[in-house]
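Asker: predicted model, plus sequence, below.
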Amino acid sequence: MKRNVENFIGCDCEFEKADIVLFGAPFDSTTSYRPGARFGSSAIRHESYGIETYSLYQDKDLTDYNTFDSGDLELCFGSAESALSDIEARAEQILSFGKLPLLIGGEHLVTLGAVRAVLRKYPDMHIIHFDAHADLRDDYLGARLSHAAVMRRSHDLMGDGRIHQFCIRSADREEFLFAKEHTDMHPFGFDGLKEVVSELCQKNVPVYFTIDLDCLDSSVFPGTGTPEAGGVTFRELLGAIIEVSQCNIVGADINELAPMLDASGASTATACKVLRELILALNK
């Protein structure tokens, strides 16, 4: 692979030297409320030059690590399955070189493409899921491939007890009933995260880590397709990211920034900082 013309700040090493490989999935064709997440990955990349490579929170610098930015995929907006297949193929390619795929969405459905690829290499994988929404619908208005169903489709592949959900504060009744039987849900915040991480670390279980940025409170992060009041702060999210990074992370993503829905640019700046902190946390 060749570097993208415009890289996320500090992520400009050669592919061969990289430990982590970024790739964007600009897709939002199943968005159920406000579209625009397809522009999230390019906005994060472009606006990253407004932040520093150095993190005071972790005392680490992106320039001290090897991260490669392969740019955005060119995805078919008319076919969710076609888009997912392309995402899966790119994640599989990255994994085949022994590198960690870090996906930038896009709407949350894009996670399913990466999950398919990572699960094939690590069949005992678990998912840690930060989100305002449960994403456990069997379908949304008849569509089984929807950002509202991405964790349900992941469950179809993985089975019970392997999806650990945090910050959830919105779902229909059937989703909550499904979660009680089939997933490990921790509503409203990060209560129980330390215990989940400890258990997964003890077993050295491979973990896919997915962050829907609407887990943040809508006062902190309004630039998203389905904002929800009652979310966590940036500092709370950062602490949780650092906690999860103790696990054996084998793939990760952030998603659901819709930059034009926050004209101030604050949501994009927040997403940039979340991605910087995630990259640094994953570099142990």
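Answerer: Received it, and whenever you're ready, just let me know what you need.

Asker: contacts, neighbours, all on C-alpha from now
Answerer: Noted.

Asker: where do the helices of the stretch 101-250 of the chain begin and end?
Answerer: Here the stretch 101-250 of the chain has its helices, by DSSP state H, counting those that start in this stretch, at 110-121, 150-158, 173-182, 193-203, 234-244.

Asker: could those go into JSON lines alongside distance to residue 143?
Answerer: Listed next are the helices of the stretch 101-250 of the chain as JSON lines, based on distance: least, CA to CA, whole Å:
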{"stretch": "helix 110-121", "distance to residue 143": "14"}
{"stretch": "helix 150-158", "distance to residue 143": "11"}
{"stretch": "helix 173-182", "distance to residue 143": "16"}
{"stretch": "helix 193-203", "distance to residue 143": "32"}
{"stretch": "helix 234-244", "distance to residue 143": "31"}
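
Asker: so which of these is the most packed in?
Answerer: Comparing the helices of the stretch 101-250 of the chain by mean neighbour count (mean count of other CA atoms under 10 Å), helix 110-121 comes out on top with a mean of 24.

Asker: show me what it is packed against.
Answerer: Contacts defined by 3 or more CA pairs under 8 Å, 6 or more residues apart in numbering; DSSP states H and E place helix 110-121 against helix 80-96, helix 150-158, strand 206-212, strand 248-255.

Asker: quick one: closest of those to residue 268.
Answerer: Proximity to residue 268 (CA to CA) singles out strand 248-255 among those, at 11.4 Å.

Asker: so what's the gap between that closest one and the chain middle?
Answerer: Centroid separation for strand 248-255 versus its chain: 6 Å, with CA atoms, centre = their mean, to the nearest Å.

Asker: same deal with stretch 130-139?
Answerer: 14 Å.

Asker: ok, stretch 86-100 next?
Answerer: 16 Å.

Asker: return the set of buried residues in that stretch.
Answerer: Residues of stretch 86-100 classed as buried: 86, 87, 88, 89, 90, 91, 92, 94, 95, 99, 100 (neighbour count, 16 or more other CA atoms under 10 Å).

Asker: what of stretch 13-25?
Answerer: 13, 15, 18, 19, 20, 21, 22, 23, 24, 25.

Asker: give me the nearest residue to the second one, chain neighbours excluded.
Answerer: I take that to be residue 15. Excluding the flanking residues, the one nearest residue 15 by CA to CA, 6 or more residues apart in numbering is residue 68, at 5.6 Å.

Asker: which one of the helices of the stretch 101-250 of the chain lies closest to residue 281?
Answerer: Using CA to CA, the helices of the stretch 101-250 of the chain put helix 234-244 closest to residue 281, at 5.7 Å.

Asker: if we can go back for a sec, in CSV, list the buried residues of stretch 13-25 along with pLDDT and secondary structure.
Answerer: What follows is the buried residues of stretch 13-25, written out as CSV (pLDDT from 0 to 100; DSSP: H, G, I helix; E, B strand; the rest coil):
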residue, pLDDT, secondary structure
13, 94, coil
15, 95, helix
18, 97, coil
19, 98, coil
20, 98, strand
21, 98, strand
22, 98, strand
23, 98, strand
24, 98, strand
25, 98, strand
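
Asker: quick check, nearest of those to residue 274?
Answerer: Nearest to residue 274 among the buried residues of stretch 13-25, with distances taken as CA to CA, is residue 22, at 14.0 Å.

Asker: partners of that closest one in the sheet?
Answerer: Applying DSSP bridges to residue 22 yields these beta-bridge partners: residue 69, residue 102.

Asker: thought it was touching residue 66?
Answerer: No - counting by CA atoms under 8 Å, residue 22 sits too far from residue 66 to count as a contact (11.1 Å).

Asker: re the thing from before, would you turn the helices of the stretch 101-250 of the chain into TSV with mean pLDDT and distance to residue 50?
Answerer: Below are the helices of the stretch 101-250 of the chain laid out as TSV (pLDDT from 0 to 100; distance: least, CA to CA, whole Å):
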stretch	mean pLDDT	distance to residue 50
helix 110-121	98	26
helix 150-158	98	32
helix 173-182	97	39
helix 193-203	98	31
helix 234-244	98	17
